[in-house]
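In: just need the structure, nothing else, for what follows:
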Amino acid sequence: MTDHRPRFFASDADVAHVGEGLLACTLLRAEWTHEAHLAATTYLLLRRPDIDLDRELPGLIRRYNESVGGVNDDTQGYHDTITRVFLHGVRLFLSEADPRQPLHELVNELLLSPMGRRDWPLRFYSRDRLLSVTARRGFMPPDLTALP
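Out: Reported below is the predicted structural model:
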């Protein structure tokens, strides 16, 4: 799970495609990868300040999942704690990044950073806590160490 080489974005348009595709529920299910989650979050934070991600991102992801035939239940689909931890990580990354860089370069750097790793939440959570139904349904604070 942690040794995958990330799939990078070639252009800002590719990142926008993911972000707007999430909003419009037009993104193909096969395109909704770990990298796409982080690209969409970065895009929405930087290009769509009209969207309050803390409030709206859960519903956006649930709606998208259902639009492509997915299910949001106790074992699959939207996971609140993981989503909120990665949202925190993207914000942390962007607070230290050069905002003058092209969007796709920022996303690619994020994917190579600690905050972009698939296992980043496991630095703060035990596997049992993070993968629990309670953590899927709502945010649970970390049990190993505080988020930076």
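In: looking at this structure, which helix is longest?
Out: Scanning the chain for the longest helix, with DSSP state H as the assignment, gives helix 80-96.
In: now do the very next helix or strand once past that one: distance to the chain's middle.
Out: Reading on from helix 80-96 to the C-terminus, the next helix or strand found by DSSP states H and E is helix 103-112. Taking the mean of its C-alpha atoms, helix 103-112 sits 13 Å from the chain's own mean (Cα atoms, centre = their mean, to the nearest Å).
In: what residues sit buried inside helix 103-112?
Out: By 16 or more other Cβ atoms under 10 Å, the buried positions in helix 103-112 come out as Leu103, His104, Glu105, Leu106, Val107, Asn108, Leu110, Leu111. Just so you know, the C-beta spots here come from the backbone N, C-alpha and C atoms, and that holds for glycine as well.
In: nearest residue to the second one in space, please, no chain neighbours.
Out: In this case it means His104. Spatial nearest neighbour of His104, chain neighbours left out: Phe9 (4.2 Å); criterion: Cβ to Cβ, 6 or more residues apart in numbering.
In: show the model's pLDDT score for the one you found.
Out: Phe9 is assigned 98 on the pLDDT scale.
In: need the contact list for it.
Out: The contact partners of Phe9, by Cβ atoms under 8 Å, 6 or more residues apart in numbering, come to Val15, Glu35, Ala39, His104, Val107, Asn108.
In: quick one: these as TSV, columns for pLDDT and distance to Thr81 too.
Out: Putting those into TSV (pLDDT from 0 to 100; distance: Cβ to Cβ, whole Å) gives the following:
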residue	pLDDT	distance to Thr81
Val15	98	25
Glu35	98	20
Ala39	98	20
His104	98	28
Val107	98	23
Asn108	98	26
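In: and the furthest pair within those residues?
Out: Greatest spatial distance in the contacts of Phe9: Glu35 and His104, 11.2 Å, computed using Cβ to Cβ.
In: just give me the closest of the contacts of Phe9 to Leu60.
Out: So of the contacts of Phe9, ranked by how close each gets to Leu60 (Cβ to Cβ), first place is Ala39, at 14.0 Å.
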